[in-house]
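Undergrad: here are the coordinates; sequence isn't available:
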């Protein structure tokens with residue numbers, strides 16, 4: 001875990017990232033890693049505020065197992081609301097399964113580093129089918145009344161209800177999986193899209209990058225990969241160029 005801006009902490013686990021927003025002695029947890037990340041997530045919270053009772057909310061960009069993996073276990077000990085975009089709630093409740101499955105993976109076995117990634121996912125609990133029945137829709141239309149004042153930015157495509165979060169005052173975008181900077185299946189670093197088989201609608205995900213282009217951002221904290229410094233428009237353009245390059249191969 002490292003502090004990348006005042007009160008903004010970035011942490012990486014088995015294969016995905018989460019962010020903690022501290023204000024006074026309270027926290028907002030954004031994303032929650034794989035099931036295997038639970039000890040690290042809990043330790044991050046203890047290091048920053050001492051007690052999970054000071055976590056005001058858990059925000060998730062979408063309901064994939066590498067972003068909600070620790071939530072069911074943590075909720076057995078924590079009394080904290082879990083919030084996501086309204087369109088993502090059916091997936092969080094377990095009513096629909098909106099995620100790449102074994103068939104998608106088998107169809108892409110030739111991708112670079114796939115065997116190593118599969119092993120990592122298995123060890124991290126990535127085959128778990130999770131649900132968060134208590135999850136609620138977050139309010140849209142402005143900053144949330146939570147530590148860090150994150151502002152939801154609807155960015156569907158990777159999943160039906162994917163939402164990034166803008167920290168407007170800090171100039172930081174928490175981009176989830178709508179825009180990443182690295183992945184175990186990628187051979188490059190920097191702004192890019194996840195491999196298409198992970199997305200519900202790859203073209204919608206690519207088109208949806210427009211929503212980020214004019215945001216007042218100087219730092220991007222993705223769901224996968226390292227923090228990236230630069231403006232959002234440059235990040236979007238780089239991701240599109242890389243996507244076009246991969247498509248033309």
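TA: Done, it's in. Since the model is a prediction, treat every value here as computed from it, not as a measurement.

Undergrad: name the single longest helix found in the chain.
TA: helix 232-247 (DSSP state H).

Undergrad: beta partners of the residue nearest the centre of the chain?
TA: In the chain, the residue lying closest to the centroid (C-alpha atoms, centre = their mean) is residue 176, at 3.1 Å. Taking DSSP bridges as the rule, residue 176 bridges to residue 222.

Undergrad: return the helix or strand in this structure with minimum mean pLDDT.
TA: Lowest by mean pLDDT, DSSP states H and E among the helices and strands of the chain is helix 102-106, with a mean of 62.

Undergrad: pLDDT weak spots in this structure?
TA: Applying pLDDT under 70 to the chain picks out residues 100-114, 246-249.

Undergrad: now the strands: where do they sit in it?
TA: Assigned by DSSP state E, the strands in the chain fall at 2-5, 8-12, 17-23, 26-30, 55-59, 82-84, 136-137, 151-154, 163-167, 172-176, 219-222, 228-229.

Undergrad: quick one: buried residues of the second one?
TA: When burial is assessed from 16 or more other C-beta atoms under 10 Å, strand 8-12 yields the following buried residues: 8-12. All C-beta atoms are positioned from the backbone trio N, CA, C, and that covers glycine.

Undergrad: ditto for the first one
TA: Judged by neighbour count (16+ other C-beta under 10 Å), strand 2-5 contains these buried residues: 4-5.

Undergrad: repeat that for the longest one.
TA: The neighbour-count check on strand 17-23 (16+ other C-beta under 10 Å) flags 17-22 as buried.

Undergrad: that one: partners in the sheet, and parallel or antiparallel?
TA: strand 8-12 (antiparallel), strand 26-30 (antiparallel).
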